[in-house]
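Student: Give me a model of this one.
(one chain, ligands or ions: 1)
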Amino acid sequence: MNTLLEVEQLSKSYFKPQGLFGRKKIQALQNISFSLQSGKTLAIVGETGSGKSTLAKLLVGIEKPDSGQIRLAGQEIQISDYKKYNHVIRFIFQDASQSLNPLQKVGQMLEDVLRFSTILDPAQRQIKIRQTLRQLGLLDEHAEYYPHMFSGGQLQRVALARALILDPKLLILDQALSALDPSLRAQIVNLLLHLQQQNGLAYLLITNNLQLVQHLSDDMLVLAQGVTTDYGATADIFRNPQHDYTRKLLSSLL
Ligand SMILES: Nc1ncnc2c1ncn2[C@@H]1O[C@H](COP(=O)(O)OP(=O)(O)OP(=O)(O)O)[C@@H](O)[C@H]1O
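Tutor: Numbers count the residues shown, from 1 in each chain. Here you go, the predicted model:
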């Protein structure tokens with residue numbers, strides 16, 4: 001099994017204005033370490049403000065860590081060079097419909113991703129767009145649709161298409177399934193599992209939906225105020241959480 005992602009001692013703080021001239025340091029993440037193998041799923045769980053989204057932002061290069069290392073397939077990531085590794089790590093945030101340009105047809109949106117990040121010619125790009133739409137259970141003609149013409153579940157598939165069209169190795173799902181109703185969520189979960197089996201995709205699943213965590217993840221990492229309280233096999237942590245915080249979190253979310 002290949003180690004795809006290794007995160008070592010990652011820390012990030014923010015400063016919030018306080019009073020007239022003061023500022024307060026917020027340690028959003030402190031010395032976080034974990035690894036993720038190809039074809040596996042790691043869930044990141046923690047109550048609101050625990051640092052989950054900060055971690056996702058560091059991994060995709062939206063924010064820079066204060067210290068620590070992120071290695072992809074053994075190579076340290078240079079955060080400044082996002083384009084170089086956006087083939088490998090892609091992400092989907094909470095509300096798919098918000099992240100799509102309402103004035104752009106889906107085909108054009110996918111075309112832009114390919115033009116920006118690949119050397120495919122226009123004909124090859126069209127083939128890749130059709131292939132990706134079909135892989136996600138969408139139709140060729142959906143390339144001509146605007147976002148408002150899709151249902152919620154289809155929109156999530158479109159967001160997945162945009163994330164997967166570059167054939168990444170790792171997909172970060174930041175609360176990406178929480179806006180869906182349970183039956184749509186089940187459909188997307190099955191699709192994610194299918195894609196993982198087919199392509200060996202790894203997922204970093206940021207969620208507080210413990211059913212999803214149990215169903216999808218091999219390992220889990222629990223965050224409390226930026227610090228890891230538990231990290232290991234999901235089944236082991238559910239059975240025997242090491243920290244009180246994890247125990248309380250699990251019982252409050254179940
Ligand atoms: N840009 C920022 N400036 C200042 N503080 C920030 C910023 N982004 C996050 N924080 C703070 O860092 C801490 C971690 O925030 P983060 O959004 O990572 O938590 P979270 O676990 O994702 O929360 P939620 O589940 O509510 O999305 C919080 O205290 C938050 O207020």
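Student: The closest residue to residue 158 other than its chain neighbours: what's it in contact with?
Tutor: Excluding its sequence neighbours, the residue lying closest to residue 158 (Cβ to Cβ, 6 or more residues apart in numbering) is residue 106, at 5.6 Å. Using the backbone N, CA and C atoms, a C-beta is placed for each residue, glycine as well. The contact partners of residue 106, by Cβ atoms under 8 Å, 6 or more residues apart in numbering, come to 100, 133, 142-147, 158, 161.
Student: now the strands for the stretch 151-254 of the chain?
Tutor: Assigned by DSSP state E, counting those that start in this stretch, the strands in the stretch 151-254 of the chain fall at 170-174, 202-206, 219-224, 227-233.
Student: Let me have those strands in CSV, adding mean pLDDT and distance to the ligand as columns.
Tutor: Below are the strands of the stretch 151-254 of the chain laid out as CSV (pLDDT from 0 to 100; distance: least, Cβ to the nearest ligand atom, whole Å):
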stretch, mean pLDDT, distance to the ligand
strand 170-174, 91, 8
strand 202-206, 95, 7
strand 219-224, 96, 7
strand 227-233, 96, 12
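Student: Now mean neighbour count too, for these, in a markdown table please.
Tutor: Converted to a markdown table, those look like this (neighbours: other Cβ atoms under 10 Å):
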| stretch | mean neighbour count |
| --- | --- |
| strand 170-174 | 23 |
| strand 202-206 | 24 |
| strand 219-224 | 24 |
| strand 227-233 | 18 |
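Student: Distance to residue 126 added to the ones you listed, as a markdown table?
Tutor: Formatted as a markdown table, those follow (distance: least, Cβ to Cβ, whole Å):
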| stretch | distance to residue 126 |
| --- | --- |
| strand 170-174 | 24 |
| strand 202-206 | 28 |
| strand 219-224 | 39 |
| strand 227-233 | 43 |
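Student: Who are the contact partners of the closest residue to residue 222 other than its chain neighbours?
Tutor: Spatial nearest neighbour of residue 222, excluding adjacent residues (Cβ to Cβ, 6+ apart): residue 230 at 4.3 Å. With contacts defined as Cβ under 8 Å, 6+ apart, the neighbours of residue 230 are 220-222, 237, 241-243, 246.
Student: try residue 129
Tutor: With contact set as Cβ under 8 Å, 6+ apart, residue 129 has these partners: 107, 110-111, 114, 143, 165.
Student: Just those residues: which are in strands?
Tutor: The strands, defined by DSSP state E, take in nothing from the contacts of residue 129.
Student: Closest one to the ligand out of those residues, please.
Tutor: Comparing these against the ligand with Cβ to the nearest ligand atom places residue 165 closest, at 26.4 Å.
Student: tell me, how many neighbours does that closest one end up with?
Tutor: Look at residue 165: counted by other Cβ atoms under 10 Å, it has 24 neighbours.
Student: can you list the residues of the stretch 1-150 of the chain near the ligand?
Tutor: For the stretch 1-150 of the chain, the residues found near the ligand under the criterion Cβ under 6 Å from any ligand atom are 14, 16, 26, 28, 46, 48-54.
Student: of all those, which two lie farthest apart?
Tutor: The two members of these with the most space between them (Cβ to Cβ) are 16 and 46, at 19.6 Å.
Student: who has more neighbours, the two?
Tutor: The neighbour comparison of residue 16 against residue 46 (other Cβ under 10 Å) goes to residue 46, with 23 against 9.
Student: For residue 208, see how far away that one is.
Tutor: With distances taken as Cβ to Cβ, to the nearest Å, residue 46 is found 8 Å from residue 208.
Student: if we can go back for a sec, out of the contacts of residue 106, which end up buried?
Tutor: With neighbours counted by 16 or more other Cβ atoms under 10 Å, those contain buried members at 100, 133, 142-143, 145, 147, 158, 161.
Student: now, among these, which is nearest to the ligand?
Tutor: residue 100 (20.6 Å).
Student: Find the nearest non-adjacent residue to the closest one, please.
Tutor: Going by Cβ to Cβ, 6+ apart, residue 100 has residue 147 as its nearest residue, at 4.3 Å.
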